[in-house]
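K.L.:
need coordinates for the following:
(chains A and B)
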Number of protein chains: 2
Amino acid sequence: MTFMQKLDRIWQKNNSLVCVGLDPDLHKLPACLTGKPDAIFQFNKGIIDATHDLVCCYKPQAAYYAAFSADDQLKMTIDYIRATYPEVPVILDVKRGDIGSTAEMYAREAFERYNADALTVNPYMGTDNLKPFLDHADRGVIILCRTSNPSSCELQELVSNGKTIYEHVAVLARDKWNYNRNAALVIGATFPEELSKIRAICPDMPFLVPGVGAQGGDVRKVVECGSTKAGTGLMINSSRGIIYADKTEKFAEGARKATLELRDLINQFR
Amino acid sequence: MTFMQKLDRIWQKNNSLVCVGLDPDLHKLPACLTGKPDAIFQFNKGIIDATHDLVCCYKPQAAYYAAFSADDQLKMTIDYIRATYPEVPVILDVKRGDIGSTAEMYAREAFERYNADALTVNPYMGTDNLKPFLDHADRGVIILCRTSNPSSCELQELVSNGKTIYEHVAVLARDKWNYNRNAALVIGATFPEELSKIRAICPDMPFLVPGVGAQGGDVRKVVECGSTKAGTGLMINSSRGIIYADKTEKFAEGARKATLELRDLINQFR
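P.N.:
Got it, this is the predicted structure:
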């Protein structure tokens, strides 16, 4: 099944637009896991087992694994989801951007080594960076458009030919990069008006929306401005708000409670 | 010693502006290395031992290691250069770009896990992505500005307020991102006129210039348009043209010959 098919099904099955960000900081794990050689994987497994029926996807952020030489536990995490909850797509958050021959190597990493359903990419280098990923029609390619961080305005809000740079990215994604119907966009929850503008450009394209929770985005506005006519189209990510909801040995229960609350809050506005 | 100090010294000591790109494709290594568990490291070591007196830096491209689960051999390669030829700076080519808390993790990866002297980063997300790297005053932060690939024009050539996006990046690098004097720019050899424009904006900043060799950039134009008044300021990268110059067991000798030729060709125009 392709990433887009999995996403369509899980939105319905779990009645959820929540993406759980698996960003485990080794120094912030609960004390009960301290010292275990696979502490990161055990932490993720606890959260996954407790939330798989409440989410539309998982998104491990590669930086947290790379920083702690835990590449193997990233692979174990994705393998575990694929084997145990194959209905839940996994997005590898790596924000790749490089020339074509290098992008081929990154595609091999994301889709063969880690077997992720989708990855995130950076559009700054243009089509020939994106093509090696987009050519994998069964995988999703989620392109940075309008990011959630404060200084994203420096380049993304510059206006050229009457359109901001992030609108140019949205138009390119719609007209040039979606030839396999597997493109999606990253749009920060912290800019809901811009979410509306981009939804108007790409009426049906899925959006990955980071920035609710720790970064302060407003859930109501995100749903009102970002969802499709079908009431879906969004993967609303929360990382810290869910994985550190409870910092004790009851972290998995805490994560379930926080995921349920976010799912229900989102569904209130759909 | 900081990255910038190392670079200044090695430009003089080796009289070279050549950056050797260590991008070892496991499927293209010489037959004599086939099947060895540390084939990638052995290949790199051969090239490093044969070229260390002819280069101004090495640049391992992380994608080639990530694709083949060879993270350990990337680390062995950087450790080997640091221990054996400590005068030669190492640039980890990873093109990172993410929100601040994630960028902190990537800084830990590049500067602690791998102990690289410098890394490459993507400017699309702006200052708060770059700051966790720039705050390491002893390390270099090499920011994508005008990349060498054909479709780089799609976003980078858009004009806003009379300046292209890549010129905006150059101005931001000069005025906002160089507070520790450790910023540098990536500018493709395939666009020499633009190299001139950016040199005018940033008269002293080092430029990493990929795109000579396999990508077709013209060495004479690169040197004429890109070097500083001091006749340095450039790290001119060649990867495939050097590491695959000879595909037999004499690959290291081949790499030395190709590096020497490129160094001398560059020096003709300085």
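
K.L.:
what sits closest to the closest residue to chain B within the stretch 151-270 of chain A if chain neighbours are left out?
P.N.:
Residue nearest to chain B within the stretch 151-270 of chain A (Cβ to the nearest Cβ): residue A:151, separated by 3.3 Å. From N, CA and C alone the C-beta is placed, and that goes for glycine too. Among residues not flanking residue A:151 along the chain, residue B:126 sits closest, at 3.3 Å (Cβ to Cβ, 6 or more residues apart in numbering or on different chains).

K.L.:
show me the contacts for the one you found.
P.N.:
For residue B:126, the contact set (Cβ atoms under 8 Å, 6 or more residues apart in numbering or on different chains) comprises A:149, A:151-156.

K.L.:
for those residues, work out which two are farthest apart.
P.N.:
Greatest spatial distance among the contacts of residue B:126 (Cβ to Cβ): A:149 and A:155, at 11.8 Å.

K.L.:
for the stretch 101-250 of chain A, what lies in contact range of chain B?
P.N.:
Within the stretch 101-250 of chain A, the positions near chain B by Cβ under 8 Å from any Cβ of the partner chain are A:102-103, A:105-106, A:108-109, A:112-113, A:122-129, A:144, A:147-156, A:158-161, A:165, A:168-169, A:172, A:210, A:215.

K.L.:
go with 6 Å
P.N.:
A:102, A:105-106, A:108-109, A:113, A:122, A:124-128, A:147, A:149-152, A:154, A:158-160 (Cβ under 6 Å from any Cβ of the partner chain).

K.L.:
so the residue of the stretch 151-270 of chain A closest to chain B touches residue B:127, yeah?
P.N.:
Yes - the pair residue A:151 and residue B:127 qualifies as a contact (Cβ atoms under 6 Å) at a distance of 4.0 Å.

K.L.:
returning to that earlier point: filter the residues of the stretch 101-250 of chain A next to chain B down to the buried ones and hand me the ChimeraX line.
P.N.:
Entered in ChimeraX, the line below selects the buried ones among those, by 16 or more other Cβ atoms under 10 Å in any protein chain shown:
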select /A:102,105,106,108,109,113,122,124,125,126,127,128,147,149,151,152,154,158,160
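
K.L.:
in helices only, show me the residues of the stretch 101-250 of chain A next to chain B.
P.N.:
A:102, A:105-106, A:108, A:127-128, A:154 (DSSP state H).

K.L.:
can you give me the end-to-end distance of stretch A:154-167?
P.N.:
Using Cα to Cα, to the nearest Å, the end-to-end distance of stretch A:154-167 comes to 14 Å.

K.L.:
quick one: mean pLDDT over it.
P.N.:
Mean pLDDT, stretch A:154-167: 97.

K.L.:
bridging residues for the residue nearest to residue A:144 when sequence neighbours are not counted?
P.N.:
Spatial nearest neighbour of residue A:144, chain neighbours left out: residue A:186 (4.8 Å); criterion: Cβ to Cβ, 6+ apart. Beta-bridge pairing of residue A:186, defined through DSSP bridges, involves residue A:144, residue A:208.

K.L.:
wait, residue A:186 sits on residue A:206?
P.N.:
No - using Cβ under 6 Å, residue A:186 makes no contact with residue A:206, being 10.4 Å away.

K.L.:
tell me, what's the model's pLDDT at residue A:235?
P.N.:
98.

K.L.:
what about the residue nearest to residue A:144, how many residues nearby?
P.N.:
Residues near residue A:186, counting by other Cβ atoms under 10 Å in any protein chain shown, number 25.

K.L.:
ok, now residue A:244?
P.N.:
Close neighbours of residue A:244, defined as other Cβ under 10 Å, add up to 19.

K.L.:
pLDDT score for it?
P.N.:
Here, the pLDDT recorded for residue A:244 equals 97.

K.L.:
give me the nearest residue to it, chain neighbours excluded.
P.N.:
Closest residue to residue A:244 apart from its sequence neighbours, by Cβ to Cβ, 6+ apart: residue A:28 at 6.4 Å.
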